[in-house]
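Enquirer: Please work out how this folds:
(one chain, ligands or ions: 1)
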Amino acid sequence: MTDMKPRDVQVFPVGTNTRVLRSRSWARLRFEIEYALAKGTTANTYLIESDKVALIDPPGETFTEIFLDGLKSRIDITKIDYVIIGHVNPNRAVTLKALWEISPQITFICSNPGAISLRKAFATEDSSETKDLPLKVMRGDEILDLGQGHQLSFIPTPNPRYPDELCTYDSRTEILFSDKLFGAHICGDQVFDEGWQAFQEDRRYYFDCLMAPHARQVEKALDKLSEFPARLYAPGHGPLVRYGLIELTKSYRQWSKQQTAQDTSVVLIYASAYGNTATIAQAIARGITKSGVSVESINCEFADPEEIRTAIEKSAGFVIGSPTLGGHAPTPVQTALGIVLSTATKNKLAGVFGSFGWSGEAVDIIESKLKDAGYKFGFDAIRVKFKPNDHTLQTCEEAGTDFAQALKKVKKVRAKIQPASNVEQAVGRVIGSLCVVTAKQGEMSGAMLASWVSQASFTPPGLTVAVAKDRAVETLMHSGNSFVLNVLQEGNHLGLMKHFLKPFSPGQDRFADVATEEAENGIPYLKDSLAYIECSVKDRMEVGDHWLVYATVDNGQVLNNDGVTAVHYRKTGTHY
Ligand SMILES: Cc1cc2nc3c(=O)[nH]c(=O)nc-3n(C[C@H](O)[C@H](O)[C@H](O)COP(=O)(O)O)c2cc1C
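Expert: Purely as a prediction, here's the structure:
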């Protein structure tokens, strides 16, 4: 089992004078939706040993000790000249301080916003330290010459989540150190991406969580990076991209385009001092984007008023997130709220969320001002005490989905409802058995009515289920996950069908008032179904507005030998 392995640092040569040090966490790292597939992750650090020695992206504090031990056993740390930081994460500060203590001659290299965060991170213990912090700010035109042809170029690729992001390109090895771009949260022994197709689902999920809410900035970053002929992407997480480089670049373009081309968008405005509100923002954004509505994220600490105004004007709805600090929302949020109130027409749907510690005034204030101004809300205000957990994140994601669906409903009502075409009626004659998919992972659970179910293979026994992209349960149906397919019984199906068709509020327990028992795989099955089948997801394929999930059968049981399968007859091919 991967989660039994201890954390370690794997070292591997990746190019001339260049090595990767992969700090490996085998278990799920944190409660953030980007880690929800629970495959662990690696924090990749790179070492270039030329005439000058540069270290790129040292890991966070949970790795400080073992990382430094690993590094010391290979090089003389006092010989490091530069530490390049792709984005300044407060939890990296401990490792950076430890490195600086050992080798005070180090110069730190980062972007301009990175320098501000770095000074803050170093200032917490002794503010006098920051004055002497040896820092070189890279704006994009500079070259850092490490000797022997290792000329480093720097490419700022800012986005709302990482306003200080900086990529680095080495002209000698043609390696692009891409920081958050092109990563994946997977832990394993494989350093490069041979057989890259196997990583595509994880890379897509990583993109959907981290990149989709700022797809416009991803497109800009891709434009800038295209000027640097890279042989290898060296990302901050997961396998290095060598074999699938062209395809992944194309996929990033395509996935970004899918977002920016949506005709309905939501502006997500937030600030977050310690990352908790940002984590909630990410989950809400995921819920919105998976429903086919694009998100324009704005970190109001780094945005100018005009940018906020323009984004609001273009959007069909807005969601504001704020922590409570000193009984208030931070000033940038208050300013942004003022712009919203003076810009957003009253037909725009609103949402509010935020993390707090004890009193949580910020969300109350924002909510009441928006209410007083007459805006309608797409979900009830979300208040999270400090860090969200898995269940709260699922609730946030579902709130995002509800928000997007409400916007789409308004659009549908406005568009004239057309009678079903001949083709749609013909497609509707394709029928399937009426089933309920049930799934559970830790504190997260879900269920949905499904009739697009089909046996797909005999050896091994396997089936496919089509799941609409905006279904909450979709999150629990990635490769490696388990679920139960409950086949409903004719004559006994109406109650269950009604139950699972009704709208659930975000985070609501789908199994309350339904008779269930636990299957061998730990997932509830419906006691009143005709049969249930325990499945493991092997693959999933993107098919228009659905995911086609292929799963193999691990176990199954008929609960009523005399019953027959309920079948759902449809009038058109557009309904479940
Ligand atoms: C300086 C400071 C002041 C705070 N003041 C409040 C407060 O007045 N009321 C409250 O509910 N929480 C307060 N908190 C707790 C934060 O709201 C809480 O840590 C929250 O998770 C921060 O969200 P963020 O990570 O998005 O910045 C305070 C925290 C700090 C560090």
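
Enquirer: what about residue 36, neighbour count?
Expert: Other residues within reach of residue 36, judged by other CB atoms under 10 Å, total 24. (Glycine included, C-beta is placed from N, CA and C.)

Enquirer: Looking at the chain, which helix is longest?
Expert: With secondary structure taken from DSSP state H, the chain has its longest helix at helix 390-414.

Enquirer: could you say what helices and strands that one packs with?
Expert: strand 265-270, helix 276-289, strand 317-321, strand 349-356, strand 382-385, strand 444-450 (3 or more CB pairs under 8 Å, 6 or more residues apart in numbering; DSSP states H and E).

Enquirer: How about the stretch 401-550 of the chain: which residue is closest to the ligand?
Expert: For the stretch 401-550 of the chain and the ligand, the shortest gap (CB to the nearest ligand atom) falls at residue 507, measuring 19.1 Å.

Enquirer: Find the nearest non-adjacent residue to that residue, please.
Expert: By the measure of CB to CB, 6 or more residues apart in numbering, the closest residue to residue 507 outside its immediate chain neighbours is residue 395, 3.1 Å from it.

Enquirer: From residue 383, how far out is that neighbour?
Expert: From residue 395 over to residue 383 the distance is 11 Å, taken as CB to CB, to the nearest Å.

Enquirer: Just the pLDDT at the residue of the stretch 401-550 of the chain closest to the ligand, thanks.
Expert: Residue 507 carries a pLDDT score of 89 in this model.

Enquirer: Settle this for me: it is touching residue 397, isn't it.
Expert: No. With contact defined as CB atoms under 8 Å, residue 507 does not count as touching residue 397 (9.3 Å).

Enquirer: List the buried residues in stretch 74-93.
Expert: Neighbour-count burial for stretch 74-93, with 16 or more other CB atoms under 10 Å as criterion, is recorded at 77, 80-90, 92-93.

Enquirer: what does stretch 459-466 give?
Expert: 462-466.

Enquirer: Switch those over to CSV; also include pLDDT and distance to residue 62.
Expert: Supplementary listing: the buried residues of stretch 459-466 in CSV, determined by pLDDT from 0 to 100; distance: CB to CB, whole Å:
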residue, pLDDT, distance to residue 62
462, 97, 39
463, 97, 41
464, 98, 40
465, 97, 38
466, 96, 40
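
Enquirer: among the residues you listed, which are in strands?
Expert: Secondary structure of the buried residues of stretch 459-466 is defined by DSSP state E; positions in strands are 462-466.

Enquirer: Which secondary structure element of the protein has the lowest mean pLDDT?
Expert: Between all helices and strands in the chain, the lowest mean by mean pLDDT, DSSP states H and E belongs to helix 128-131, at a mean of 58.

Enquirer: Who are the packing partners of the next helix or strand after that one?
Expert: Once helix 128-131 ends, the next helix or strand along the chain (criterion: DSSP states H and E) is strand 135-137. Contact partners of strand 135-137 among helices and strands, from 3+ CB pairs under 8 Å, 6+ apart: strand 107-110, helix 112-123.

Enquirer: Now the longest one: average pLDDT?
Expert: Over the span of helix 112-123, the pLDDT mean works out to 91.

Enquirer: any bit of it sitting next to the ligand?
Expert: No. Contact between helix 112-123 and the ligand is absent, the nearest approach being 12.9 Å (criterion: CB under 6 Å from any ligand atom).

Enquirer: thinking residue 16 is in contact with residue 172, fair?
Expert: Yes. Assessed by CB under 8 Å, residue 16 is found in contact with residue 172 at 6.2 Å.

Enquirer: higher neighbour count, those two?
Expert: The residue with more neighbours, out of residue 16 and residue 172 and counting by other CB under 10 Å, is residue 172; that gives 18 against 15.

Enquirer: Can you tell me the closest non-neighbouring residue to the more buried one?
Expert: Of all residues beyond its chain neighbours, the one nearest residue 172 is residue 149 (3.9 Å), with distances taken as CB to CB, 6+ apart.
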